[in-house]
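1. Fold the following and give me the result.
(chains A, B and C)
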Amino acid sequence: MPEGPELHLASLFVNRMCEGVVFSGPVKKSEVSKSPDVSFSCEAYCITATSRGKEVKLTLTPIKSDDAKRRARPGQADQPMDIVFRFGMSGYFRFTTEDELPKHAHLRFYTKEKPRRVLSFVDPRRFGSWQPNGTWQPDRGPCIMFEYKSFRENVLSHLPDRAFDRPICEVLLNQKYFNGVGNYLRAEILYRLNIPPFVPARDVLEGLPSDDLLVSGKPLKNEITDTKTPVRTKKKGVKQETSDLLRLCHTVPLEVVKLGGKGYDPEKADYSAFQAWLQCYYVDGMNSIRDHNGRTMWFKGDPGPMAPKNSKSPKAKKRLKKEDDHDYTAKKKVAKGRSVATRKTPALKEEKVTKTPKKEKKAGPKEAVSKRGKAGKIQEINTPRRGTRSNSRRRKSSPAKSAAGSQT
DNA sequence: CGTCCACGTCTAC
DNA sequence: TAGACCTGGACGG
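-> The predicted model follows:
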């Protein structure tokens, strides 16, 4: 769940659930967490949240009472404390009763009332982290959703940076410039403009105006919202004044915030809405290959000139999946089924690269014990394959629907 | 039961 | 440019 939209929804969730709620006592950390202890304890305090890109900041504010000011006891906070969170791959907040504490609740804030309730930072994989007395990470750029103007200027004023030598799909994950974009957003954003993912980033960014009028108000013509003109765009040399890449880095995530899944609350999250929203990521029929950092890039059509020449699309076999988790809005993927080509790559699959001299490296001997990092490689270039009835299975909840078709 | 995969950083060779 | 860091769900056998 955690890309910019989910982090923002998490902050809205905290503000909504904790409004008017009084917390008390120490902040508790789980035994297994390696993040810092939060030495904050107070008889009465409230909690508010804000987000910026892929970070959420909680502010614990002591509630002053005549009693408290009178004798400031040691160990009792009287000053506010900020805690900045990063969610890793699986972080989220929950607000439950004490006896319904979720598994993997690594940082907990208890309410003052009797049957206590608990605001928890839950993170099964523990890739997330927090910093007491923290500030927004200095190397991260402006938020793509709520600091659009400076985000845009930051990118366009640094195009000479070698970082932009890389393929656009990889640069989109660089948080120094695209704070809030994650793996599903980069796929959805590039798909909307039909930009091949492995094209040099600078090539697609240079020439864009540093000032987007959208900021000042009226959205000009937006491809999707335009009711009259069909989506064409491609074809015809009509350059058309549709949204450019940087604007989509702002508007696409805001669409997810708008879906908001019922304002959050993992319990009743409605994934089908998010799934129906996805047009490319994990959608059956789309192509996927691993980028230079081993992350799966989903796209349609041509991968572009800088596509990794050897690596391929991840494991042909298991695609499917389900949709997993909770998430504030919703998340996950899997769209409707359709097996595209049907051809499933017969042999191949498991074996490794037949030749490929250089690399063999480990593996050779005993093989890699447990973890095996990268997996097999297989060569062969992109192009689908995996299809196989993807969704065919998808048991579990969600059957359905998916809704109304349409999409797109 | 074992393998593969996951919405993300970090840091070490 | 590779691992490391983790848990758990979907699948395959």
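2. Would you mind listing what in the stretch 151-300 of chain A touches DNA strand B?
-> Listed as neighbours of DNA strand B in the stretch 151-300 of chain A under the rule CB under 7 Å from any atom of the strand: A:173, A:175, A:182-184, A:293, A:295-296. (Glycine included, C-beta is placed from N, CA and C.)
3. Apply 6 Å and report the result again.
-> A:175, A:182-184, A:295-296 (CB under 6 Å from any atom of the strand).
4. could you flag which of the residues you listed are buried?
-> Buried members of those, counted by 16 or more other CB atoms under 10 Å: A:175, A:182-184.
5. Run through the residues you listed and flag the ones next to DNA strand C.
-> Contacts with DNA strand C are made by none of these, judged by CB under 6 Å from any atom of the strand.
6. What is the nearest of the residues you listed to DNA strand B?
-> Relative to DNA strand B, the closest of those is A:Gly182; by CB to the nearest atom of the strand it sits at 2.3 Å.
7. Spatially nearest residue to the closest one (excluding sequence neighbours)?
-> Leaving aside its chain neighbours, A:Gly182 sits nearest to A:Glu3 (3.3 Å; criterion: CB to CB, 6 or more residues apart in numbering).
8. just to revisit the earlier point, with secondary structure and pLDDT as added columns, please give the buried ones among the residues of the stretch 151-300 of chain A next to DNA strand B in TSV.
-> Listed next are these as TSV, based on DSSP: H, G, I helix; E, B strand; the rest coil; pLDDT from 0 to 100:
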residue	secondary structure	pLDDT
A:Gln175	coil	98
A:Gly182	coil	98
A:Asn183	helix	98
A:Tyr184	helix	97
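9. out of the residues you listed, who's nearest A:Ala201?
-> A:Ala201 lies nearest to A:Gln175 out of those, by CB to CB, at 14.5 Å.
10. Go ahead and confirm that closest one touches A:Gly141.
-> Yes - in this structure, A:Gln175 is within contact of A:Gly141 by CB atoms under 8 Å, at 6.7 Å.
11. For A:Met81, list each beta-bridge partner.
-> Beta-bridge partners recorded for A:Met81 (DSSP bridges): A:Leu60.
12. Surely it is in contact with A:Leu60?
-> Yes - judged on CB under 8 Å, A:Met81 makes contact with A:Leu60 at a distance of 4.8 Å.
13. intersection of neighbour lists for those two?
-> Here A:Met81 and A:Leu60 have A:Phe40 as joint contacts, going by CB atoms under 8 Å, 6 or more residues apart in numbering.
14. Pull the contacting residues for A:Val256.
-> Listed by CB under 8 Å, 6+ apart, the contact set of A:Val256 reads A:5-6, A:185, A:274, A:277, A:329.
15. What is the nearest of those to A:Val32?
-> The closest of the contacts of A:Val256 to A:Val32 turns out to be A:Glu6 (CB to CB; 23.4 Å).
16. To which secondary structure element is the closest one assigned?
-> Element membership for A:Glu6, per DSSP states H and E: helix A:4-18.
17. Output the contacting helices and strands for that helix.
-> Helices and strands touching helix A:4-18, as assessed by 3 or more CB pairs under 8 Å, 6 or more residues apart in numbering; DSSP states H and E, comprise strand A:41-52, strand A:55-62, strand A:92-97, strand A:117-122, helix A:245-259.
18. hmm, back to that, A:Met81 and A:Leu60: who's more crowded?
-> Taking other CB atoms under 10 Å, A:Met81 and A:Leu60 do not tie; A:Leu60 has more neighbours (22 against 19).
19. that older thread, would you agree the residue nearest to A:Gly182 is in contact with A:Asn179?
-> No - using CB under 8 Å, A:Glu3 makes no contact with A:Asn179, being 10.5 Å away.
20. The next helix or strand after the helix holding A:Glu6 packs against which elements?
-> Sequence-wise, the next helix or strand downstream of helix A:4-18 (DSSP H and E) is strand A:23-26. When contacts are defined as 3+ CB pairs under 8 Å, 6+ apart, strand A:23-26 sits against strand A:41-52, strand A:105-110.
21. The ones you listed: which one's closest to A:Arg162?
-> Across the helices and strands packed on strand A:23-26, A:Arg162 has its closest neighbour in strand A:41-52 (25.3 Å, CB to CB).
22. about what we covered before: out of the helices and strands packed on helix A:4-18, which one sits most buried?
-> Among those, strand A:117-122 has the highest mean neighbour count (mean count of other CB atoms under 10 Å), at a mean of 23.
23. Direction included, what does that one pair up with?
-> Here, using DSSP bridges, strand A:117-122 pairs with strand A:92-97 (antiparallel), strand A:105-110 (antiparallel).
24. joint contacts of A:Glu3 and A:Asn179?
-> Common neighbours of A:Glu3 and A:Asn179 are listed as A:Lys54 (criterion: CB under 8 Å, 6+ apart).
25. Those two: which is more packed in?
-> When A:Glu3 and A:Asn179 are compared on other CB under 10 Å, the one with more neighbours turns out to be A:Asn179, at 24 against 21.
26. which non-adjacent residue is nearest the more buried one?
-> Spatial nearest neighbour of A:Asn179, excluding adjacent residues (CB to CB, 6+ apart): A:Gly53 at 2.9 Å.
27. How about the contacts made by the one you found?
-> By CB under 8 Å, 6+ apart, the neighbours of A:Gly53 are A:4, A:7, A:140-145, A:175, A:179-180.
28. give me that answer again for 7 Å
-> A:Gly53 makes contacts with A:4, A:140, A:143-144, A:175, A:179-180, as judged by CB atoms under 7 Å, 6 or more residues apart in numbering.
29. and stretch A:148-163, anywhere near DNA strand C?
-> No - Stretch A:148-163 is not in contact with DNA strand C by CB under 6 Å from any atom of the strand; minimum separation 11.3 Å.
30. In that stretch, which residues are buried?
-> A:148, A:151-156.
31. need those in a markdown table with secondary structure, pLDDT and distance to A:Pro314, can you?
-> Listed next are the buried residues of stretch A:148-163 as a markdown table, based on DSSP: H, G, I helix; E, B strand; the rest coil; pLDDT from 0 to 100; distance: CB to CB, whole Å:
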| residue | secondary structure | pLDDT | distance to A:Pro314 |
| --- | --- | --- | --- |
| A:Tyr148 | helix | 98 | 33 |
| A:Phe151 | helix | 98 | 30 |
| A:Arg152 | helix | 98 | 33 |
| A:Glu153 | helix | 98 | 36 |
| A:Asn154 | helix | 98 | 32 |
| A:Val155 | helix | 98 | 29 |
| A:Leu156 | helix | 98 | 33 |
